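# just a sequence and a predicted model for now, questions to come.
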Amino acid sequence: MVATDLDGTLLRSDLTVSAATRGMLRRLAGRGVLHVIVTGRPASGCGSFFRTLGYRGLAVCGQGAQIYDVDRGVLLSQAELDPDAAREFLARLARRVGRLRLAVVTSGLGSEFLVAPGFSRGGEREQASFRLVGEEHLFSDPVDKVLLRHDGLSDGELAAEARLVCGPGLTVTHAGPRIVELLPAGFDKATGLSRVCEMLGAGPREVVAFGDMPNDIPMLRWAGHGVAMANGHPDLQAVADEMAPANDEDGVAVVLGRLLGAMPSAADALRTTR
């Protein structure tokens, strides 16, 4: 099995998937190797990528909090934030660092980005529809996660401060440039991927995982072989087994091409691991 993040990993900077990468994924499928997308994007923000790739089967979305059946168009599982716990966390964090810039992703397949005034639109703009609301209305509907920004702190500084005040039932992750997120505790890319692998009859030794940001660290540590992108965050690169060329240099396809040359057939691999 090959597990890939989307942004900064499988996707180029212009959010396209190159012909070389698509061709390599088809070659792997022909050898009986499954491809599982593992992304922080909500399932509702992945449709165009699924169509481009001709993607079938299960995907891990929302940082592991969603398991999505692409063929049937249904969420097999999802996890929502406790709104009271989230509000208390945001109040504690604001007392430490001052004014926060906030947005949320609402739950379900019709999810939206609800953006409070002052939250600048960044790379997440392609994930789902945006709607500007007053900060007091961010939790009017069930919410999967909160996006945090601060005018004076770096991503790393904000994530570190947020973890200091993060209470039970919540977790903080750094998912991309200007994307620090508050999520339900107990969910990350490793927990989501391990659940999909269990459903498909695969174990970590059979998985090669690719990522670029600190939110990919649990997945790379869980997988039998973890690959960090050259454009990735230093914290992720420090735990990877291998470094791939950058996403704009088709790094996923380059590494998979090398591995494919040394790869036994799927049947032989299963006999070996079992």
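Received, thanks.

# buried residues in stretch 163-181, which are they?
Neighbour counts over stretch 163-181 (16 or more other Cβ atoms under 10 Å) mark 165-166, 170-176, 178-181 as buried. C-betas here are computed from N, CA, C, even on glycine.

# R22: which of those is nearest?
Of all the buried residues of stretch 163-181, R22 sits closest to G176, with 22.8 Å by Cβ to Cβ.

# next one, pLDDT for the closest one please.
On pLDDT, G176 comes in at 84.

# before we move on, back to that, for the buried residues of stretch 163-181, please prepare a markdown table with the additional fields secondary structure and distance to D144.
A markdown table is the format used below for those (DSSP: H, G, I helix; E, B strand; the rest coil; distance: Cβ to Cβ, whole Å):
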| residue | secondary structure | distance to D144 |
| --- | --- | --- |
| V165 | coil | 20 |
| C166 | coil | 17 |
| L170 | strand | 12 |
| T171 | strand | 13 |
| V172 | strand | 14 |
| T173 | strand | 13 |
| H174 | strand | 17 |
| A175 | strand | 13 |
| G176 | strand | 16 |
| R178 | coil | 19 |
| I179 | strand | 14 |
| V180 | strand | 15 |
| E181 | strand | 10 |
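
# got TSV for those residues, with distance to A94 too?
Below are these laid out as TSV (distance: Cβ to Cβ, whole Å):
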residue	distance to A94
V165	10
C166	14
L170	15
T171	19
V172	15
T173	19
H174	19
A175	21
G176	23
R178	18
I179	19
V180	14
E181	17
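
# of these, closest to L10?
Comparing the buried residues of stretch 163-181 against L10 with Cβ to Cβ places G176 closest, at 13.7 Å.

# wouldn't that closest one be in contact with D7 here?
Yes. Using Cβ atoms under 8 Å, G176 makes contact with D7 at a distance of 6.0 Å.

# returning to what we had before: tell me the one among the buried residues of stretch 163-181 nearest to R149.
R149 has its nearest neighbour among the buried residues of stretch 163-181 in R178, at 6.1 Å by Cβ to Cβ.

# give me the neighbour count for D216.
36 (other Cβ atoms under 10 Å).

# pretty sure it sits in a helix.
Yes. The assignment for D216 by DSSP: H, G, I helix; E, B strand; the rest coil puts it in a helix.

# before we move on, the earlier item: and which of the buried residues of stretch 163-181 is nearest Q237?
H174 (14.0 Å).

# and the closest one, bridged to which residues?
Counting by DSSP bridges, H174 forms beta bridges with V180.

# what about the helices in the stretch 1-150 of the chain?
19-30, 47-53, 83-97 (DSSP state H, counting those that start in this stretch).

# for those helices, which one sits closest to T106?
The closest of these to T106 is helix 83-97. By Cβ to Cβ, the value is 11.5 Å.

# need the CA coordinates for that closest one. CSV is fine.
The C-alpha coordinates for helix 83-97 follow below in CSV (Å, rounded to 0.1, in the frame of the first residue of the first chain):
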residue,chain,number,x,y,z
PRO,A,83,-18.0,23.3,21.1
ASP,A,84,-17.8,24.2,24.8
ALA,A,85,-14.3,22.7,25.1
ALA,A,86,-13.2,24.5,22.0
ARG,A,87,-14.5,27.9,23.2
GLU,A,88,-12.8,27.4,26.6
PHE,A,89,-9.5,26.6,24.8
LEU,A,90,-9.8,29.7,22.5
ALA,A,91,-10.4,31.9,25.6
ARG,A,92,-7.4,30.5,27.4
LEU,A,93,-5.2,30.8,24.3
ALA,A,94,-6.3,34.4,23.7
ARG,A,95,-5.4,35.3,27.3
ARG,A,96,-1.9,34.0,26.6
VAL,A,97,-1.2,35.4,23.1
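
# number the residues from 32 up from this point.
Happy to do that; since the first residue is 32 now, the last one works out to helix 114-128.

# what about the strands in the chain?
Using DSSP state E, the strands found in the chain span residues 33-35, 66-68, 89-92, 97-100, 105-108, 132-137, 144-146, 161-163, 174-180, 201-207, 210-215, 239-242, 256-260, 273-275.

# would you turn the ones you listed into a markdown table with distance to G187?
Putting these into a markdown table (distance: least, Cβ to Cβ, whole Å) gives the following:
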| stretch | distance to G187 |
| --- | --- |
| strand 33-35 | 24 |
| strand 66-68 | 26 |
| strand 89-92 | 25 |
| strand 97-100 | 26 |
| strand 105-108 | 31 |
| strand 132-137 | 17 |
| strand 144-146 | 23 |
| strand 161-163 | 26 |
| strand 174-180 | 13 |
| strand 201-207 | 7 |
| strand 210-215 | 9 |
| strand 239-242 | 17 |
| strand 256-260 | 17 |
| strand 273-275 | 21 |
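
# many thanks, I have nothing further to ask.
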